[in-house]
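S.K.: What would the 3D arrangement of this be:
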Amino acid sequence: MSAKPFNIGRDCRVVLVYDGSRIDLPTVTGFSAQQRTSSLSSSPLNDMPLFYDVPNGWNGHFSFQRDSSGADDLFSAIENGFWAAGTVVLGSIYQYVTECDGSLSTFEFIGASIQLADAGHYQSEMLVTQTISFNARARNRIS
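M.R.: From the prediction side, this is the model:
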């Protein structure tokens, strides 16, 4: 098998682990993540300006076909847990990328706070797509 020249969207899988449980979202159709930074600058009197981008977490979103009530059940539990006990639990998001040479890279977004940004649009003869947005403390490479 020869190496591919570049990654395509099918090279990525996403798994959500929240409060110790794996949430199966079998048909993830899109994933996007961005590093967040805090910009700092210094203006020395005797030199050119200096700029620093300090890591400040990650954010992103992913879309998936509604194949089950898994996401709806998760967010119902999150909301009920908050109103019953005032607790907010963070989770992890795992991204698996098949690299061009066939190897697998695994990234973990830790301390993820999630939001059901879109619970879906129901319409005759149309797929229902849901979207989860997240903010995470950091992204670690696992393998």
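
S.K.: The helix or strand of the chain with the lowest mean pLDDT: which residues count as buried?
M.R.: Counting by mean pLDDT, DSSP states H and E, the chain has its least confident helix or strand at strand 21-23, which shows a mean of 89. For strand 21-23, a neighbour-count test (16 or more other CB atoms under 10 Å) marks I23 as buried. Quick note: C-beta positions are derived from backbone N, CA and C, even for glycine.

S.K.: elements contacting that strand?
M.R.: Applying 3 or more CB pairs under 8 Å, 6 or more residues apart in numbering; DSSP states H and E, one finds that strand 21-23 contacts strand 12-18, helix 70-85.

S.K.: May I have stretch 76-95 as PDB, with CA atoms only?
M.R.: Taking C-alpha atoms only, stretch 76-95 is exported to PDB below (Å, rounded to 0.1, in the frame of the first residue of the first chain):
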ATOM      1  CA  SER A  76     -30.400  15.800  29.600                       C
ATOM      2  CA  ALA A  77     -28.200  14.100  32.300                       C
ATOM      3  CA  ILE A  78     -25.800  17.100  32.300                       C
ATOM      4  CA  GLU A  79     -28.700  19.500  32.700                       C
ATOM      5  CA  ASN A  80     -30.400  17.400  35.400                       C
ATOM      6  CA  GLY A  81     -27.200  17.000  37.300                       C
ATOM      7  CA  PHE A  82     -26.700  20.800  37.300                       C
ATOM      8  CA  TRP A  83     -30.200  21.600  38.500                       C
ATOM      9  CA  ALA A  84     -30.300  18.800  41.100                       C
ATOM     10  CA  ALA A  85     -26.800  19.200  42.600                       C
ATOM     11  CA  GLY A  86     -25.200  22.200  41.000                       C
ATOM     12  CA  THR A  87     -22.500  20.000  39.500                       C
ATOM     13  CA  VAL A  88     -20.800  20.500  36.200                       C
ATOM     14  CA  VAL A  89     -18.700  17.600  35.000                       C
ATOM     15  CA  LEU A  90     -16.000  17.900  32.300                       C
ATOM     16  CA  GLY A  91     -15.200  15.300  29.700                       C
ATOM     17  CA  SER A  92     -12.600  14.300  27.100                       C
ATOM     18  CA  ILE A  93     -12.800  14.200  23.300                       C
ATOM     19  CA  TYR A  94     -10.600  11.800  21.500                       C
ATOM     20  CA  GLN A  95      -9.600  12.500  17.900                       C
END
